[in-house]
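Colleague: Task: produce atomic coordinates for the following.
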Amino acid sequence: MEVAIRKMGNSQGVLIPKPILAQLGLGATADLQVRNNVLEIRAVRSNPRQDWAADAARLAAEGDDALAWPEFANDDDSTLVW
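Modeller: Numbers count the residues shown, from 1 in each chain. Predicted coordinates for the structure are as follows:
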């Protein structure tokens, strides 16, 4: 799709049609990068593990860091056929 580059204040921009925004899952913000002379616009994805270290420290401080599954032995592993 060919689009016009328009003056927007002191910058220039491209209007992205609403169906394309919806298809890409773009909301109020986007990740904009240039790679190999290609302009990439992607939805901002947060790191799902971003706060894990802080949560693990909090759980340990509260004493709530016990194993979810009890320990189990590997005594019979030698009999397994792979």
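Colleague: Report how many residues lie close to residue 41.
Modeller: Residue 41: 14 surrounding residues under other CB atoms under 10 Å. From N, CA and C alone the C-beta is placed, and that goes for glycine too.
Colleague: Neighbouring strands of the helix or strand encompassing it in the sheet, and parallel or not?
Modeller: Per DSSP states H and E: residue 41 is located in strand 38-43. Next to strand 38-43 in the sheet, as set by DSSP bridges, lie strand 30-35 (antiparallel).
Colleague: And the contacts of the strand it pairs with?
Modeller: With CB atoms under 8 Å, 6 or more residues apart in numbering as the contact definition, strand 30-35 has outside contacts at 39-45.
Colleague: For this protein, just list every one of the strands.
Modeller: Per DSSP state E, the chain carries strands over the ranges 6-8, 11-13, 30-35, 38-43.
Colleague: Kindly reformat those strands as a markdown table and extend each row with mean pLDDT and distance to residue 73.
Modeller: Putting these into a markdown table (pLDDT from 0 to 100; distance: least, CB to CB, whole Å) gives the following:
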| stretch | mean pLDDT | distance to residue 73 |
| --- | --- | --- |
| strand 6-8 | 95 | 66 |
| strand 11-13 | 95 | 63 |
| strand 30-35 | 93 | 47 |
| strand 38-43 | 92 | 45 |
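Colleague: number of nearby residues for the closest residue in space to residue 43 that isn't next to it in sequence?
Modeller: Leaving aside its sequence neighbours, residue 43 sits nearest to residue 25 (CB to CB, 6 or more residues apart in numbering; 4.4 Å). When counting by other CB under 10 Å, one arrives at 11 neighbours for residue 25.
Colleague: ok, residue 25 to residue 19 distance?
Modeller: From residue 25 across to residue 19, the span is 12 Å (CB to CB, to the nearest Å).
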